[in-house]
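Novice: Sequence isn't available, so here's the structure alone:
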């Protein structure tokens, strides 16, 4: 499903109250849900954002829709998918936990699509592309703004991404998804409004279980890219690179590119994890950041009191 082309107004911000409201009901008609979530005296106007979010939510497996193929979304009854309902206590009162649920669902659907020989969502492929960029050279938030080489329009054209993100009408909602899912941050330098490819938030939320003795860098890398397949080495990232053909990749021949490296180093700087060098290079992971190569062999996680 091309979310950016067919459901551009969909967002995590809309899906969250929808899922909260549906979690207390077995099934509800669209009109009843719309009246409850968008009362005329408060919101009014068109239902485009709600309908778009419902369609995406259904596609990624958060929502169920009843009715046949001839039933419109406005005529259908809607319900929270059982898997999301079973995890209700984890996300109901916490928007940050809900974004984890939404991100996992969106990425899992994309991985399943790839496995089935189908094209994954444009948002998923776009996230992998964004996280292959170098955060040292953040992208302009405006589609045609910024230094010539860093204009999103030029990058998307030169790197064969137009099948997934075409024009400013898709670029803007894509940035909304990227920030909402913890894969990018908004920034501003002077009058320049920028988007920074930075998966630190997503990585912090998906850190694997690390025993006290630590885990090898390769095992850590495999676990992280399994949970976040838009990172370098993940299934969606590999798909994105296969479809783009020849292009300038800021990762080069390293396993971990600049955006992934930045997130790892930020978590180390915050005292969340430690990245160790050891004599045995059998499990080494190499990366690149600020144009410099770096490596780590083992990962440990700090306890709440700061001790490893």
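Specialist: That came in fine, so what should we check first? As the structure is a prediction and not an experimental result, all values here were calculated from the model. Numbers count the residues shown, from 1 in each chain.
Novice: any idea how far the residue most central in space within the chain is from residue 13?
Specialist: Nearest to the geometric centre of the chain sits residue 181, at 4.4 Å (CA atoms, centre = their mean). According to CB to CB, to the nearest Å, residue 181 stands 12 Å off from residue 13. Every residue, glycine included, has its C-beta placed from N, CA and C.
Novice: Residue 39 now?
Specialist: 17 Å.
Novice: List the buried residues of stretch 163-170.
Specialist: For stretch 163-170, burial by neighbour count (16 or more other CB atoms under 10 Å) applies to 164-166, 170.
Novice: That should have said stretch 188-203, apologies.
Specialist: In stretch 188-203, counting by 16+ other CB under 10 Å, buried: 194-203.
Novice: can you check stretch 293-301 too?
Specialist: 294-301.
Novice: so where does residue 208 fall, helix or strand?
Specialist: Assigned by DSSP states H and E, residue 208 belongs to no helix or strand.
Novice: okay, now it: neighbour count?
Specialist: 14 (other CB atoms under 10 Å).
Novice: what sits against it?
Specialist: For residue 208, the contacting residues are 215, 220, 223-224, 227, by CB atoms under 8 Å, 6 or more residues apart in numbering.
Novice: what's the closest of those to residue 132?
Specialist: When the contacts of residue 208 are ranked by distance to residue 132 (CB to CB), residue 224 comes first, at 15.8 Å.
Novice: so the closest one makes contact with residue 205?
Specialist: No. Residue 224 lies out of contact with residue 205 (CB atoms under 8 Å); the separation is 11.2 Å.
Novice: Sort out which residues of the worst-scoring helix or strand of the chain on mean pLDDT are buried, please.
Specialist: One helix or strand of the chain scores below all others by mean pLDDT, DSSP states H and E: helix 152-158, with a mean of 83. Using 16+ other CB under 10 Å as the test for burial, helix 152-158 gives 152-153, 155-156.
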